[in-house]
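>>> from the sequence below, what's the structure:
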Amino acid sequence: MKKLILLTFLSVFAFGQMEFADPQPTFDNPRKWVIKLRTANIDDVNHMLGSVYNVLKEYPDGAIKIAVVTYAQGVRVLRKDYDPKTLSRISSLIEYEVDFISCRNTMQTMNWKDEDFIEDVLFVQTGIAEIIEKQAAGWIGVTPY
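Numbering: from 1, shown residues only. Model (predicted):
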């Protein structure tokens, strides 16, 4: 009995005291969060990344999908020559299956090429259209900065 109480306590403590709305997020039915990133301001970017880490800690493994769609100045954040510490955080989140998506329209305007960007960045033609379509498909749009 003591083991059961301890296990229950630890599982509540490990996942925080978050109450998930119905239907509960699961691996087969995850929450979907799209973030629009349109700034290269390092403080805003790192605040956003911190929020992503915090949200990932609240949900059981695989119960949330996150996509960060960059456009305008936000595309700059995914370039290899951006702040190395911030790029390290982004690469870490990519390993946790957070998608970072770059707008090709912005890239073309700035004469930037795919090879200017860190590994595993995804590309779409129009970042804003990607956000619109994700929200139309039920993704929740919250910008945490």
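>>> now do E133 against G127, distance only.
11 Å (C-beta to C-beta, to the nearest Å). All C-beta spots, glycine's among them, are computed from the backbone N, C-alpha and C.
>>> chain center to stretch 80-90, what's the gap?
15 Å (C-alpha atoms, centre = their mean, to the nearest Å).
>>> need the contact partners of the helix ranked longest in the chain.
Across the chain, the longest stretch assigned as helix under DSSP state H is helix 42-58. Residues outside helix 42-58 that contact it (C-beta atoms under 8 Å, 6 or more residues apart in numbering): 15-16, 18, 33, 35, 37, 39, 64, 66, 68, 77, 83, 86, 89-90, 93, 96, 98, 143-145.
>>> quick one: mean pLDDT for it?
Per-residue pLDDT over helix 42-58 has a mean of 97.
>>> give the partner strands of the next helix-or-strand element following that helix in its sheet and their orientations.
As assigned by DSSP states H and E, the chain's next helix or strand after helix 42-58 is strand 64-70. Sheet pairing here is set by DSSP bridges, and for strand 64-70 it gives strand 31-37 (parallel), strand 99-103 (parallel).
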